[in-house]
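Visitor: need a structure here:
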Amino acid sequence: MAVLLMAVASDGGASDGGASDEGASDGGSTDGVTSAPPSSTAPFDTARAGKLDGSKIWQLPDSPAGDRPDQCWLAVGSDASGEIYISGHDHINNSMMYRLYQSDDKVRWIGDARTASEAANNWQSNESAEKFHTRPIHHNDNVYVATLDNSNMNNEFLNTRGFHWYGYSLPDNIFNDLSASEANGVGAPTLQLATIQVDPINNLLYGMSIPENKLVRYDIEQGTTTVLGKPSAWGSNYFYTNRFMWVDSRGRVYISGGSSRGQWNQGEPSNVFDHIWYYDPVTGFGELPKFALQGPNSMEVGQWDRKHENLYTSDDQGNIYKFNDAAASWTFLGRPNFPANYKTWVFQLSADNQKIYIGQSDGAGPNTIHEFDIASGSSYELLKISDLDDVAATEDFITGYDSWDSEGSFYIADFSMYDGDNVYMLGINPVRIKAAKGILSELVEVSVVPQGSNISLTRSGSNSVALEVLYEVKGFDANGVLVNTGYGTLNVGAQQSNLTFSASSLIRATGSGIVSETFSVIPDGNDYVTGSGTKVNIQ
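Guide: Here you go, the predicted model:
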């Protein structure tokens, strides 16, 4: 096709300080089109600047009905445009959903469990929705969560009605109770979900219940849930449920369970839970003894790289592993240099696959975020929360994984339990933080503009060393629907501040029906940020 280059105004852009929605195909979403904030009077909060460049703080507002978002357990995520979604819940009655619109930097209430279920005539008088314990999962223009109404490892869950699936429709800006059309109005009677995951290829959602550790599957097209059960070797006792599981390109679901912590251990056998298990849609449940763990501790957090080739995951003690999709292989990478008695609930992979920003909290000392170098296994303390904000530093917990916006910042929740303070949300740009603290000698910005029939890239600052710049080319059909994405890198040599290149030299999007493409430079979350010009249309 003919090549016509033109600059594109920033609109929220393509996500990637790391991969979002598991790095998978958007499956027909109109990627890159960020809807404008609603004109309604939905409760909102505006960002305030943190103490260091690269940090921002919000506090989640009460719902319109006055519900207070007191806690946020691993419930921060992003969509393919870098919009941020976060759940706040009172851990008693109701769970709320919020969206950070990049266009105006405001976090807004977009719905809650009770309001959505009442609108669908699917809320009982004695019902509650203690929390959305699930990371908001983006898939096909929807963001999905599910309820967890009782997380105790005893029989109390049997007194609940059962979990609901909810979906936030991006085009319609509506938060819907998806289980209203299911039998009994719930995904399954009495079951409660601690985590969910998407199979984007087969248009499925999976969830794991607590405390029974039963795997469930939701057919998005059919709107029905199936309870798949669990490996027979896991027995009938209750134990700690994995907070992170993943699906590979073949549709296999990787699961784990158990905890060695005295706080949660229920006497489950170590030899059963010291490795990864799986569910295969064809063959059923199975185990992977070669996928050995550093003790019987289930996976807590994780993120795919932007090409969906390698997954990085960790337990709550900071033991980091890599899963390679093509080989279905498993490697232990190490752990940061912080005490194992702290909890790891923050996990953010840089887009260049070189660093993991991993948090520690719920310990005797301050809450901190460390930078873990994947290649060497070394780590150092990047920041204390007190470096960013004195008020947020007084809270007990920090949580959030795989939650990057389009400008190379990741987002975490910061809160305590039942302290009367609404959840704080922190936006953290690690490159700007490193420059502000002198860890990087300067802040490097990368920008692009069309130059005739070519594209011109410029980097700021010193050019004494080479710089590898990430890019992606997204291909769209005649209706503006994303067909595919090509990923690549550009190498700006030492003593070189500008690089001019042709569209034909790029790794392009492939697939039938592509009529236009958009080239974008991507912040790598490690060495550089992007400037005002990040996109060029290729038509």
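Visitor: how much space between residue 134 and residue 146?
Guide: 5 Å (CB to CB, to the nearest Å). In this view, the C-beta of every residue, glycine as well, is placed from N, C-alpha and C.
Visitor: quick one, domains of the chain?
Guide: 5-11+443-538, 34-436 (automatic domain parsing).
Visitor: helices of the stretch 251-400 of the chain, start to end?
Guide: Assigned by DSSP state H, counting those that start in this stretch, the helices in the stretch 251-400 of the chain fall at 270-273, 385-388.
Visitor: please disregard the earlier target; I meant the stretch 51-200 of the chain.
Guide: With DSSP H, counting those that start in this stretch as the criterion, the stretch 51-200 of the chain has helices at 113-119.
Visitor: point out where it drops to low pLDDT.
Guide: Within the stretch 51-200 of the chain, no range satisfies pLDDT under 70.
Visitor: show me the strands in it, by range?
Guide: For the stretch 51-200 of the chain, the strands defined by DSSP state E, counting those that start in this stretch cover 55-59, 76-78, 84-89, 95-101, 106-112, 137-139, 142-146, 165-169, 174-177, 193-199.
Visitor: who wins for proximity to residue 426 among these?
Guide: Closest to residue 426 of the strands of the stretch 51-200 of the chain is strand 55-59 (CB to CB; 5.8 Å).
Visitor: taking strand 95-101 as reference, get the angle to that closest one.
Guide: Counting by axes from the mean of the first three to the mean of the last three CA atoms, to 10 degrees, strand 55-59 lies at 140 degrees to strand 95-101.
Visitor: give me the most central residue, this protein.
Guide: When CA atoms, centre = their mean is applied to the chain, the residue found nearest the centroid is residue 402 (3.1 Å).
Visitor: the closest residue in space to that one that isn't next to it in sequence pairs with what?
Guide: Nearest residue to residue 402, sequence neighbours excluded (CB to CB, 6 or more residues apart in numbering): residue 303, at 3.9 Å. Counting by DSSP bridges, residue 303 forms beta bridges with residue 312.
Visitor: what sits against residue 303?
Guide: Contact analysis of residue 303 by CB atoms under 8 Å, 6 or more residues apart in numbering lists 18, 19, 311, 312, 313, 347, 348, 349, 401, 402.
Visitor: tell me which of the domains of the chain is the most buried.
Guide: Of all the domains of the chain, domain 34-436 carries the top mean neighbour count, a mean of 20, counting by mean count of other CB atoms under 10 Å.
Visitor: quick revisit: to residue 485, which of the strands of the stretch 51-200 of the chain lies closest?
Guide: Counting by CB to CB, residue 485 lies closest to strand 137-139 out of these; the figure is 14.7 Å.
Visitor: ok, back up a step: as JSON lines, the strands of the stretch 51-200 of the chain with distance to residue 262 would be great.
Guide: Conversion of these to JSON lines gives the following (distance: least, CB to CB, whole Å):
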{"stretch": "strand 55-59", "distance to residue 262": "34"}
{"stretch": "strand 76-78", "distance to residue 262": "28"}
{"stretch": "strand 84-89", "distance to residue 262": "26"}
{"stretch": "strand 95-101", "distance to residue 262": "29"}
{"stretch": "strand 106-112", "distance to residue 262": "35"}
{"stretch": "strand 137-139", "distance to residue 262": "32"}
{"stretch": "strand 142-146", "distance to residue 262": "29"}
{"stretch": "strand 165-169", "distance to residue 262": "34"}
{"stretch": "strand 174-177", "distance to residue 262": "38"}
{"stretch": "strand 193-199", "distance to residue 262": "20"}
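Visitor: residue 155 is nearest to which of these?
Guide: strand 193-199 (16.5 Å).
Visitor: packing partners for the closest one?
Guide: strand 137-139, strand 142-146, strand 204-209, strand 246-247 (3 or more CB pairs under 8 Å, 6 or more residues apart in numbering; DSSP states H and E).
Visitor: redo that, cut-off 10 Å
Guide: Counting contacts by 3 or more CB pairs under 10 Å, 6 or more residues apart in numbering; DSSP states H and E, strand 193-199 is packed against strand 137-139, strand 142-146, strand 204-209, strand 215-219, strand 246-247, strand 253-255, strand 299-304.
Visitor: distance to residue 274 for those strands - can I get that in a markdown table?
Guide: Converted to a markdown table, those look like this (distance: least, CB to CB, whole Å):
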| stretch | distance to residue 274 |
| --- | --- |
| strand 137-139 | 28 |
| strand 142-146 | 28 |
| strand 204-209 | 18 |
| strand 215-219 | 20 |
| strand 246-247 | 19 |
| strand 253-255 | 14 |
| strand 299-304 | 13 |
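Visitor: out of those, which comes closest to residue 409?
Guide: strand 299-304 (14.9 Å).
Visitor: pull that closest one out as CSV, backbone CA atoms only.
Guide: What follows is strand 299-304 as a C-alpha-only set of coordinates in CSV (Å, rounded to 0.1, in the frame of the first residue of the first chain):
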residue,chain,number,x,y,z
MET,A,299,1.7,-17.5,42.6
GLU,A,300,0.6,-14.0,43.7
VAL,A,301,1.4,-11.6,40.8
GLY,A,302,2.6,-11.7,37.2
GLN,A,303,2.9,-10.1,33.8
TRP,A,304,3.5,-11.1,30.2
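Visitor: so how far is that strand off the chain centroid?
Guide: 9 Å (CA atoms, centre = their mean, to the nearest Å).
Visitor: likewise stretch 342-349?
Guide: 12 Å.
Visitor: mind exporting the C-alpha coordinates of it to PDB?
Guide: Listed next in PDB are the C-alpha coordinates belonging to stretch 342-349 (Å, rounded to 0.1, in the frame of the first residue of the first chain):
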ATOM      1  CA  TYR A 342       7.200  -8.800  53.900                       C
ATOM      2  CA  LYS A 343       4.500  -9.400  51.400                       C
ATOM      3  CA  THR A 344       5.000  -9.000  47.600                       C
ATOM      4  CA  TRP A 345       1.900  -7.600  46.100                       C
ATOM      5  CA  VAL A 346       3.400  -5.100  43.600                       C
ATOM      6  CA  PHE A 347       4.900  -6.500  40.400                       C
ATOM      7  CA  GLN A 348       5.600  -4.400  37.200                       C
ATOM      8  CA  LEU A 349       7.600  -5.600  34.300                       C
END
